[in-house]
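Asker: Need coordinates for the below:
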Amino acid sequence: HLVRRAPTGPGEVRWKPGRDRLDPAVLAGARAVVNLNGASIGRFPWTARYRRELVWSRIHPTQTLARALRDLGEDAPHFVSSSAVGYYPPDGAGRTFDETGARGDAFLSDLCGEWESAAVAAGGDVALLRTAPVVHRDGVLKPLIALTKLGVSGPIGRGTQVWPYISLDDEIAAIRHVIDHRLTGPVNLSGPTRATANDLGFALARRLGRPYVLRAPAFALRLALGKDAVEALLTVDTHVVPAALTSSGFAFRHPTVEDAVAAAV
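Answerer: Below is the predicted model of the structure:
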């Protein structure tokens, strides 16, 4: 394991992502290298400075890992690298996106494209994890739980926009599946059942026994949090399907957003 703290055993190697080089020998013999780097996109607002942090914290470490893996040549481990469903257009206009879907032209889409290009430069077997927001207490639910407990939750924007999602258990199991089946190319890590923002909000409100009535207008969210962040994360309307996972035999433990919320709360 690569860690940023002091190693606690022989199975750990300290690596500071800010360094330009990683000794390829550290990765030699591994079954897979799993790259889950990046500053949180859930921090608002996306100022110019924080946008640079979002980019640097993803691209630079990925480039460093890719160079080390490329130096290993044919003996390089399977490279399993993060991306996000933000790769696709934030306004899907009723379309469904599998892994062949076109990239969007928003900030997050461009970031994901650059992130994936950095990973593919490793050569060899590379899987790109286009991950949906994770339904977990410390994931997408964190701010929503606080608002719901206060009784001030309700539709975000229209509320009918399609939100990709995945439970934490399924996220972990899907990454293991990608490694076990040595999948390559883009892999959508997203729940198999279509869900809207209201579906998730209602499920959480029912779980906590609280109302779900106070609408948050999209224009107010844009003013408070910034246009790009709101359109990428809150008013996003993108139906993403996990075609690569399901076609390779992956079974979801939490196939609906209601299941995912129940498992998390």
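
Asker: for R67, what are its contacts?
Answerer: Contacts for R67 were tallied using CB atoms under 8 Å, 6 or more residues apart in numbering; they are 21-22, 121-122. Using the backbone N, CA and C atoms, a C-beta is placed for each residue, glycine as well.

Asker: Three-state assignment for it, please.
Answerer: For R67, the reduced secondary structure class is helix; criterion used: DSSP: H, G, I helix; E, B strand; the rest coil.

Asker: on that earlier part again, quick check on the contacts of R67: which are buried?
Answerer: The neighbour count (16 or more other CB atoms under 10 Å) marks 22, 121-122 as buried among those.

Asker: ok, how many other residues are close to T47?
Answerer: By the other CB atoms under 10 Å criterion, the neighbourhood of T47 contains 12 residues.

Asker: Over to R103?
Answerer: Other residues lying near R103 total 14 when counted by other CB under 10 Å.

Asker: start the count at 12, not 1, going forward
Answerer: Understood, numbering begins at 12; the last thing we discussed is R114.

Asker: Tell me both backbone torsions, phi and psi, for it.
Answerer: phi -70, psi 150 (degrees, to the nearest 10).

Asker: For it, give me its contacts.
Answerer: When contacts are counted by CB under 8 Å, 6+ apart, R114 touches 98-100, 120, 123-124.

Asker: distance of K160 from L219?
Answerer: K160 is 6 Å from L219, where distance means CB to CB, to the nearest Å.

Asker: what about the two, which has more around it?
Answerer: Neighbour comparison, K160 and L219: the larger count goes to L219, with 17 against 14 (by other CB under 10 Å).

Asker: Among the buried ones among the contacts of R78, which one sits closest to G237?
Answerer: Using CB to CB, A132 is the member of those that lies nearest G237, at 30.9 Å.

Asker: Burial check on the residue nearest to the closest one when sequence neighbours are not counted, number of neighbours?
Answerer: When the adjacent residues along the chain are set aside, A132 lies closest to A77, with 4.6 Å between them (CB to CB, 6 or more residues apart in numbering). The burial count assigned to A77 is 25, neighbours taken as other CB under 10 Å.

Asker: A77 contacts A87, correct?
Answerer: No. With contact defined as CB atoms under 8 Å, A77 does not count as touching A87 (9.8 Å).

Asker: how about low-confidence regions in the stretch 12-161 of the chain?
Answerer: 29-31 (pLDDT under 70).

Asker: Would you state the helices of it in chain order?
Answerer: The residue ranges that make up the helices of the stretch 12-161 of the chain, judged by DSSP state H, counting those that start in this stretch, are 59-83, 118-131, 152-160.

Asker: between these, which one is nearest to Y223?
Answerer: helix 152-160 (7.5 Å).

Asker: Go through that closest one and flag the buried ones.
Answerer: Those would be 152, 155-156, 158-159, for helix 152-160 by 16+ other CB under 10 Å.

Asker: ok, then the element right after it?
Answerer: Sequence-wise, the next helix or strand downstream of helix 152-160 (DSSP states H and E) is strand 177-178.

Asker: Please name every helix or strand in contact with whichever helix or strand comes after that next one.
Answerer: Using DSSP H and E, the helix or strand that follows strand 177-178 towards the C-terminus is helix 179-191. With contacts defined as 3 or more CB pairs under 8 Å, 6 or more residues apart in numbering; DSSP states H and E, helix 179-191 has these neighbours: strand 43-46, strand 89-95, strand 137-142, strand 145-146, strand 196-200, helix 268-275.
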